[in-house]
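A.B. asks: Here's my sequence, what's the structure:
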Amino acid sequence: MQSVISLTFRLHPPSRSTSTIFFSSLWLTLSLCTTAINGASVKLPPNVTVPAVLAFGDSIIDPGNNNHLKSVVKCNFPPYGKDFSHGVATGRFSNGKIPTDFFVEALGIKTYLPAYLDPKLQPEDLPTGVSFASGASGFDPLTSKIASALSLSDQLQMLKEYITKLKGIVGEKRTDFILSNAVFVIVTGTDDIANTYFSTPTRRTKYDIDSYTDLMVNSASSFIEELYGLGARRIGVFSLPPIGCVPSQRSLAGGVRRSCAEDHNQAAVLFNSKLSSVLESLKTQLPNSKLVYVDIYNPLLDLILHPDQYGFEVVDRGCCGTGLIEVSILCIKLEPVCPNDTNAGEYFSSNRANPCTAT
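C.D. replies: Numbering: from 1, shown residues only. A predicted model of the protein is given here:
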């Protein structure tokens, strides 16, 4: 039986734990069963198990893989991590936890989803999952190349290596069980639109936005098929957010008033529509798969347009530096990231593109 579900996550103002609810909702849809959500935990039905979470994508869910790359796109230094355990900057592009951390904690798997490239990773960490995500990655291979990040192809190769290691730890039968019951999460594509397409001329000389989003969607489809071929059955693919409303794109393309860049948002909507359709078509090709299209565009746009309803005050600037353009090495210790997150949580973004933990 094939299942493709389109999930639109709806925030319930004034939520201060939206990441937990968001990923809990994803699991609810992936499992196709009744799931109880109590605070920050998820109670699964007796016949349902989630042994692991495996994550792929960009900085939204990169817990520190970029620390170990020859790339300037990293954040393993203060003020990042100021609200993480012991105030440690782990390489997460946030002031604290990132969405996949909330997800594994809510499912009772572990407290944090670690980076696969973390040298401190232990064999006992592998059966419950890791993140292969890399900040500044994308569906377009050029996006990762520009930033010296891990492409989806690189992440897939690391998954193959992970599977080999896992078989050596728990055996082939248990490995097959883990892969078929794990939740595979894909969050990427924003850098393709914001950086590779609109901010550099390389792709625009060969593609209009319609053909470029085709390139992205074809890459997404191929990646999902490859994951399936390696044993994945539960796969959640996230839509693009309203890219034109993130601080950097307001600064670069929003005019003197720094409004949301509508052409960027329209590109995101176009891609999202194509992605949803491709996932629908894949259901006839991938037996026993559960594919989920997760719409984050509309709920985040509503939050940006009505921040006071969700307990936020600032949505057009990040809380790092000027808040207009800074990210990664441009965010320095002298400028705290999300200074009031543990209290009012007034900022939506920690830097030019990444959300604070409260978001």
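A.B. asks: What distance do you get for the residue nearest the centre of the chain to L142?
C.D. replies: By C-alpha atoms, centre = their mean, the mean C-alpha position of the chain lies nearest to V187, the distance being 3.6 Å. Computed with C-beta to C-beta, to the nearest Å, the distance linking V187 and L142 is 19 Å. To be clear about C-beta, it is placed using only N, CA and C from the backbone, and glycine gets the same treatment.
A.B. asks: Would you enumerate the residues in contact with the residue nearest to the centre of the chain?
C.D. replies: Applying C-beta atoms under 8 Å, 6 or more residues apart in numbering, we find V187 in contact with 55-58, 60-61, 99, 133, 238.
A.B. asks: where's the dip in pLDDT among those?
C.D. replies: Here the lowest pLDDT out of the contacts of V187 sits on P99, with 89.
A.B. asks: And it, its phi and psi?
C.D. replies: phi -50, psi -40 (degrees, to the nearest 10).
A.B. asks: you'd agree it is up against D62?
C.D. replies: No: using C-beta atoms under 8 Å, P99 makes no contact with D62, being 11.0 Å away.
A.B. asks: Those two: which has the busier surroundings?
C.D. replies: A count of neighbours by other C-beta atoms under 10 Å puts D62 above the other of P99 and D62, at 32 against 24.
A.B. asks: Do I have it right that that one meets S144?
C.D. replies: No: with contact defined as C-beta under 8 Å, D62 does not reach S144; the gap is 11.9 Å.
A.B. asks: Excluding chain neighbours, give the residue nearest to T90 in space.
C.D. replies: Setting aside the residues directly before and after it, T90 is nearest to G64 in space (C-beta to C-beta, 6 or more residues apart in numbering), at 4.9 Å.
A.B. asks: quick one, what contacts that neighbour?
C.D. replies: Contacts of G64 (C-beta under 8 Å, 6+ apart): 76, 90-92, 114-115, 117-118.
A.B. asks: which among these end up buried?
C.D. replies: 76, 90-92, 114-115, 117-118 (16 or more other C-beta atoms under 10 Å).
A.B. asks: what stretches of the stretch 151-300 of the chain score poorly on pLDDT?
C.D. replies: For the stretch 151-300 of the chain, the stretches flagged by pLDDT under 70 are 253-256.
A.B. asks: coming back round to it: looking at the contacts of G64, which is nearest G108?
C.D. replies: P114 (16.4 Å; C-beta to C-beta).
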